[in-house]
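A.B. asks: quick one: sequence and predicted model below, then my questions.
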Protein chains: 2
Amino acid sequence: VITEWTETTEAGVTHPAGFRAAGARAGLKREGTDLALIVSDRPAAVAGVFTTNAVKASCVAWSAEVARGGSARAIVANSGNANCCNGPRGDADNRRMAELTAQHLNIAPEHVATASTGIIGHPLDLDRVEAGIAAAVQALDSGPDADLRAARAIMTTDLVEKQAAVTVRSSLWPSAVRIGGMCKGSGMIAPRMAGPHATMLCFLTTDARVPAPALQRTLEHAVRRTFNRITVDGDTSTNDMVLVLAGGQGEHVSATGGALDDFAEALERICLRLAREVARDGEGATKLAEVCVRGARSQEDAERIARTVAESPLVKTALYGCDPNWGRILMAVGRAGVPLDPARLDVLIGDTPVFIQGARAEFDTAAASAYLSRKEVRITVDLHSGDSAVSFWTCDYSYDYIRINAEYHT
Amino acid sequence: VITEWTETTEAGVTHPAGFRAAGARAGLKREGTDLALIVSDRPAAVAGVFTTNAVKASCVAWSAEVARGGSARAIVANSGNANCCNGPRGDADNRRMAELTAQHLNIAPEHVATASTGIIGHPLDLDRVEAGIAAAVQALDSGPDADLRAARAIMTTDLVEKQAAVTVRSSLWPSAVRIGGMCKGSGMIAPRMAGPHATMLCFLTTDARVPAPALQRTLEHAVRRTFNRITVDGDTSTNDMVLVLAGGQGEHVSATGGALDDFAEALERICLRLAREVARDGEGATKLAEVCVRGARSQEDAERIARTVAESPLVKTALYGCDPNWGRILMAVGRAGVPLDPARLDVLIGDTPVFIQGARAEFDTAAASAYLSRKEVRITVDLHSGDSAVSFWTCDYSYDYIRINAEYHT
C-alpha cells in the first residue's frame, strides 16, 4: 500500500539518485536546444514500449534491441528530425548517434537507447548531432536546472515542457522510491504502443531496483492504461517511445508480490500525469477533455467507444465551440463498431445529464456551455450494459490546429 | 457493353420518365426550402442501403422496411432536423411524416420512404412538416426546375446542390435507359452503409425495369465502391441513406446476365459522380483529393489504408497547406493496421514520385506544391505486394472546417 506520495514540481529525470541529464543545441531545429541526454551512473535495468506503426523510425528498432538486452546506461534523443524513412542510411546514422554518445561517455553503444522526433524523410546531420552530444556530455548534471534543459531539448510543437517527479513510500518497501520523468508530444499523437515493441517520447527514471523483465511488464501495463489512451489527432507516429531506466541506487523493490504492485501503481500514476499533459498541450488545444465510458461489456468495448468519441472531429470542434452537442457524442458512440442499445445510453457533460436512457434530458444549455469553456472538462457515456469503464484524454480542435499543421512546411 | 453515355447538366431525379419532384419550405431550417418529395407515377421497384451507425435515426428503420417490401411510390425527405435520438416519439413522428405524404398523394404509407438530415435530438415539428408536404405535393413537376428545387431542399451545410442525369445505351438493351440522382452531404461524412441496412442522402431514379432483389444487389455493390469510399471528417452519420427507385417506365433490363451488368456499371458511375461531389463539397473544403492505394494484397487492405490516409488530420491539413508532405502520408499508411514492408513503398503526388521503394525521391517541391494548389489532386500509394487497388475521395481541413463546426450551436 502506498503510504506517501510527494510530487515535486520543476524536477524530472534526475530526481531519483544516480541519474544525470543535459539539454544542448545540435542545430537540427531552427532555434533552441534539440539534443537531450540522460545518463545512469550505473548500468540500469531498462524497459521500453514502441510504436505499432508499420512505418518505424530507425531509433525504434535500435532502442527495442537495447530494451531487449535489459540493461542501459544512457538515452540520447534529438528533436527536429525524426530520422524516419531514410532507408539503410537512417539506420546507420542512428547507430552512429548511439556510438558517438557511447564514445563520449566511455560506455558500450549497446547500452545507449536512441530516440528522435521531428520531420520525416530528411537525413540526419551527424556533424551537428555529434556537436550536440559533445555539448550535452559536458553539461551533464543533476538537479532541477538539468532536468528542465533536458525536457526542453525534446520539444517540437510543444508549448510547455512536461516533467514529473515523485517520492513514494509504501508499507511494503524498506524506504522511499523516487520516480522522475520527462515527455514530449503535441501533434501526431495517438499512441498505440506495444511492448517489447508511440512522436510521443517519454523517458522515465527510478532509483528503485526492478529487474528488467518485471520492469517491462510493469511498463507495458502502465502504458496501455495511460499513454495509449490519449489522442490529439488520431495519427499514430512512427517514432513513439516510452523508456524507463531503473537505476538500482535505491532500496530493493522485489519483482514479485505487493512490493512490485505498489511500484507498478506509482509508475502508472506518473505515466497518467505525463500522458494528460501531452493531451493538454495538443496542437492548438484550448482545453483537456476526459472521455469516460462506463457500463460497457468489456474493457475493449469501452476503449473502442472512448477512442472514437475522443478522435471525432465533430466532437472536438464542438468542444472548441463550448457547444453541449450530445448528438455528436452519440453519433461517435454509435460509429465505434460496438453493438449497443441506444435506448440504454446516458450522456453526461461534466456532472450534468444531457441524455438519459435513450432520451433527451432537460438541462441548462447555457450552464453546460459555460462548463465547457473550462480548461478541463469531462464527458461521460454510460452504456448500462456491463461493468467495464475506461477514460480517454483528448483536446479540442481549434483554428490554431489548422494553422500549425497547414503552415508547417516540409 | 455500354455504347453511349450522355450526361445532362442541371437535370436530376425526373430525368427518367415517370418521376416528378418538388422542393418546398416546411420551416425547419431558419431559411430556404427544407422538404423534398420524389414521386413515381407507378409503383417502382425500390432498393436501399443505410447507415451502420449503431445509433440510427427513425427514418432509417422505416425506409429499410420500405426497401424490404420491394415496392415504393415516393420519397419524402426533410432537412434541418435529423429526427434522431428522439425515442418512441421520433419513430411515431417519422411514421406520421410517411402517412401525411401518403394521404396527400393518395397512396399507401408503406410505399413512402422517409429521410431526414439536420440536428440530432430535437423533436420534429409535424405541423411544419405537413405544411411542407402539402406545398410540395402542389408543386410536383418534372424537368430541370423541379429537380433543382428538390435537390436544394435537402441541403444543410452544403454549398452547392448535387445532381446527376444520364442517358445510357448498351448493346444489350433494346433502347436507352435514363438514370437521375440527387444527393446531399458536407459534414458528418464517412458513409459506411450496408444493405439491406449514410447524413449523406442520395436518391436515385431510373426508368429501367429492374426487379427489387436485383436492384438491391446492384445498389449495394455500387455503394460499396463509391459512397462508402468517401470521407470528410470520418464521422459516420446516424442518418445516411441511398435509395433507388426503378420505375419501370422504360425498356426492360433483364435481372441477370450482361444487360444487368451494364445497368450496374451505369449505376455505379452515377454513384461515383455524386459521391465525389459530396467529398468536394465537404465542410470548409478547398479541394477534392483522390487517395489511390494499389499493389495491395487484398481489396480490404487497400481500402483500410486508403481510408486511413483519407481521414488523417495531418494529411488533410497538409493538403490545405499545399505541402507535399509525404512523411505524413507514410505515417498514415503505416498506422492503418495492415502489415507491410516500408522498403517496397512508392508514394506519388499527382504523377510525381516523391518516395520510391522505401527511399526519398528527388523532386521539385515547388512544382509539387503548385500541383497541390489545384482544385482536384491525387495521391497514390503503391505497396508492390499484390494486385488490389482502391480509390478513396476526401477533402482538405481548412480554417472554415473549424468555423463551421465550432460556431454551429445546438
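C.D. replies: Structure's in. What do you need? Numbering: from 1, shown residues only, chains lettered A, B, ... in the order given.
A.B. asks: quick one: the strands in the stretch 251-400 of chain A?
C.D. replies: A:288-296, A:346-349, A:352-356, A:359-360, A:376-382, A:388-395 (DSSP state E, counting those that start in this stretch).
A.B. asks: tell me which of those strands sits nearest to chain B.
C.D. replies: Chain B lies closest to strand A:359-360 among the strands of the stretch 251-400 of chain A, at 4.7 Å (Cβ to the nearest Cβ). All C-beta spots, glycine's among them, are computed from the backbone N, C-alpha and C.
A.B. asks: residues making contact with the closest one?
C.D. replies: Applying Cβ atoms under 8 Å, 6 or more residues apart in numbering or on different chains, the external contacts of strand A:359-360 come out as A:354, B:85, B:86, B:87, B:121, B:122.
A.B. asks: circling back to that earlier point, worst average pLDDT in the strands of the stretch 251-400 of chain A?
C.D. replies: Of all those, mean pLDDT reaches its minimum on strand A:359-360 (a mean of 90).
A.B. asks: residue A:103: how many residues sit nearby?
C.D. replies: Burial of residue A:103 is recorded as 15 neighbouring residues (other Cβ atoms under 10 Å in any protein chain shown).
A.B. asks: so it: helix, strand or coil?
C.D. replies: The three-state label for residue A:103, taken from DSSP: H, G, I helix; E, B strand; the rest coil, comes out as helix.
A.B. asks: pLDDT wise, what is it at?
C.D. replies: The score at residue A:103 is 98. That number is its pLDDT.
A.B. asks: ok, it to residue A:216 distance?
C.D. replies: Between residue A:103 and residue A:216 the distance is 28 Å, computed by Cβ to Cβ, to the nearest Å.
A.B. asks: could you do residue A:332 as well?
C.D. replies: 34 Å.
A.B. asks: ok, now residue A:385?
C.D. replies: Distance, residue A:385 to residue A:216, by Cβ to Cβ: 34 Å.
A.B. asks: which of the two has more neighbours?
C.D. replies: Relative neighbour count places residue A:216 above the other of residue A:385 and residue A:216, with 22 against 19, counting by other Cβ under 10 Å.
A.B. asks: confirm that one sits in a helix?
C.D. replies: Yes. Counting by three-state DSSP, residue A:216 is part of a helix.
A.B. asks: now the phi/psi pair for the residue lying closest to it once chain neighbours are set aside, please.
C.D. replies: Take residue A:216 and drop its neighbours on the chain: the residue closest to it by Cβ to Cβ, 6 or more residues apart in numbering or on different chains is residue A:47, 3.9 Å away. When quoted as degrees, to the nearest 10, the phi and psi of residue A:47 stand at phi -140, psi 150.
A.B. asks: surely residue A:47 is in contact with residue A:211?
C.D. replies: No. Under the criterion of Cβ atoms under 8 Å, residue A:47 lies out of contact with residue A:211, with a separation of 9.9 Å.
A.B. asks: with neighbour numbers in mind, choose between those two.
C.D. replies: Neighbours of residue A:47 and residue A:211, each counted by other Cβ under 10 Å, are more numerous for residue A:47; the result is 28 against 17.
A.B. asks: show me the contacts for that one.
C.D. replies: Counted by Cβ under 8 Å, 6+ apart, residue A:47 has contacts A:67, A:195, A:196, A:212, A:215, A:216, A:218, A:219, A:220, A:243, A:244, A:246.
A.B. asks: same check, this time on residue A:169
C.D. replies: Neighbouring residues of residue A:169 by Cβ under 8 Å, 6+ apart: A:2, A:3, A:4, A:175, A:176, A:177.
A.B. asks: which ones among the residues you listed come in contact with chain B?
C.D. replies: The subset of the contacts of residue A:169 within reach of chain B, counting by Cβ under 8 Å from any Cβ of the partner chain, is empty.
A.B. asks: perfect, I'm done here.
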